[in-house]
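In: Sequence plus the predicted model coming up.
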Amino acid sequence: MSDKPKRFPLPLSSVVDKKTPLERTSRTVATPQAATKNAAWGSSQLQPIVLKSTSTTSSSQVLSAAKAMARPAQTANHVDRSSSLVSDAVRKAMVNRVARQGVTDAKVLAAMEIVPRHMFMEPGLASQAYIDASLPIGHHQTISQPYIVARMIEIMRANSQGGVLERVLEIGTGCGYQAAVLSQVAKEVYSIERIKPLHELARSNLRPLRIPNIRLHYGDGMLGLPQAAPFDGIILAAAGLEVPQALLDQMTIGGRLVAPVGSRHQVLQLIQRISKFDWTSTTLEDCHFVPLRAGTI
Ligand code: SAH
């Protein structure tokens with residue numbers, strides 16, 4: 001773990017510099033889901049937004065920023081990545097699909113509806129952002145499927161505190177999408193990534209959203225983040241053969257950890273800490289994640 005925590009909000013340069021608009025690049029239909037999405041998009045376009053620089057950015061400001069990013073433009077002929085062609089309706093369709101798949105936690109669904117998933121994809125794949133699939137983000141890693149993101153957070157929130165989460169830890173920041181969703185349901189979000197270029201990618205993806213309660217760390221998440229522990233929620237976005245003991249030790253009593261476990265066959269596991277020395281483990285549904293690996297690159 002070599003970097004200092006990255007603090008949000010970060011400078012706005014990446015937003016205000018993005019003045020060069022691009023034509024919408026692709027309406028290519030690769031999958032049935034994409035076809036549905038393209039139909040829902042219609043021909044609307046989005047305009048770039050410039051966020052106001054304020055010293056205190058609340059969650060609701062983040063939400064309105066995200067909403068503004070997804071707002072169709074009345075006049076713009078061009079768009080750039082930070083305001084690509086995604087309507088609220090398309091994201092809502094994704095959330096409805098996630099709900100049909102069994103996610104019922106309204107707060108999680110609301111968070112999924114707010115976070116502009118397309119802003120976490122490379123431009124060539126932004127048109128696929130709202131299909132229910134994991135998609136490549138480079139370095140042989142993927143952005144997780146919307147359903148599993150929602151499901152893991154829902155499981156984590158089903159605690160004895162009525163869903164209140166003070167401090168959560170994510171292992172495997174990837175492009176930063178799940179961290180952004182987590183920021184809407186927890187007071188503080190810490191997220192660790194072991195691949196430096198992905199850590200940087202997440203930072204630049206999150207910058208325009210100016211989310212004040214996310215701290216990104218570059219390091220080996222298998223070691224957790226002792227300096228910020230304990231956590232009342234921990235989510236692993238990569239699958240190990242077992243959950244590292246360091247992470248179990250960094251849970252609060254009553255804390256909940258959700259992790260994919262296994263290699264070729266993986267299951268989602270919920271671990272609850274019930275006392276200083278006791279944890280319970282519950283096996284939930286099958287899942288598929290990239291592997292959890294030790295060390296940094
Ligand atoms: N949370 C992401 C998913 C990223 S994929 C999303 O929002 O879609 C899983 C990520 O876990 C990869 O970027 C991978 O590099 C990372 N990872 C794997 N092992 C890790 C470890 N020990 N520490 C930190 N990150 C790890």
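Out: Perfect, I can see it now. Numbering: from 1, shown residues only.

In: neighbours around the closest residue to I171 other than its chain neighbours, how many?
Out: Distances taken as C-beta to C-beta, 6 or more residues apart in numbering place G221 nearest to I171, at 3.4 Å, with adjacent residues excluded. Backbone N, C-alpha and C define where each C-beta goes, glycine included. Neighbourhood size, G221 [other C-beta atoms under 10 Å]: 29.

In: do you know how far G221 is from the ligand?
Out: Note on G221: its distance to the ligand, by C-beta to the nearest ligand atom, to the nearest Å, is 3 Å.

In: pretty sure that residue is touching Y190, no?
Out: No - using C-beta atoms under 8 Å, G221 makes no contact with Y190, being 9.8 Å away.

In: and the residue nearest to I171, what does it touch?
Out: Applying C-beta atoms under 8 Å, 6 or more residues apart in numbering to G221 gives the contacts I171, G172, I192, E193, R194, L236, A238, L292.

In: quick one: the strands in the stretch 51-200 of the chain?
Out: Counting by DSSP state E, counting those that start in this stretch, one finds strands in the stretch 51-200 of the chain at the ranges 72-73, 135-138, 141-143, 167-171, 188-193.

In: quick one: stretch 231-240 to chain centroid distance?
Out: 13 Å (C-alpha atoms, centre = their mean, to the nearest Å).

In: Average pLDDT for that stretch, rounded please.
Out: Averaged over stretch 231-240, pLDDT sits at 98.

In: ends of it, how far apart?
Out: 20 Å (C-alpha to C-alpha, to the nearest Å).

In: Let me know whether it sits next to the ligand.
Out: Yes - contact of stretch 231-240 with the ligand (C-beta under 6 Å from any ligand atom) involves A237, A238.

In: same question, stretch 125-145
Out: Yes - counting by C-beta under 6 Å from any ligand atom, the ligand has neighbours in stretch 125-145: Q141, T142, I143, S144.

In: Name the member of those residues with the most neighbours.
Out: When neighbours are counted by other C-beta under 10 Å, S144 leads these with 29 neighbours.

In: Does that one touch C287 like I think?
Out: No - look at S144 against C287 with C-beta under 8 Å: they stay out of range, at 9.4 Å.

In: and the stretch 51-200 of the chain, which of its residues are near the ligand?
Out: Proximity of the stretch 51-200 of the chain to the ligand (C-beta under 6 Å from any ligand atom) is limited to residues 141-144, 171-175, 177-178, 192-195, 198.

In: repeat that with 5 Å
Out: Contacts of the stretch 51-200 of the chain with the ligand, taken as C-beta under 5 Å from any ligand atom, map to Q141, I143, S144, G172, G174, Y177, Q178, I192, E193, R194, I195, L198.

In: Let's have the residues of stretch 125-145 next to the ligand in a markdown table, adding pLDDT.
Out: As requested, the residues of stretch 125-145 next to the ligand are exported to a markdown table (pLDDT from 0 to 100):
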| residue | pLDDT |
| --- | --- |
| Q141 | 97 |
| T142 | 95 |
| I143 | 95 |
| S144 | 94 |
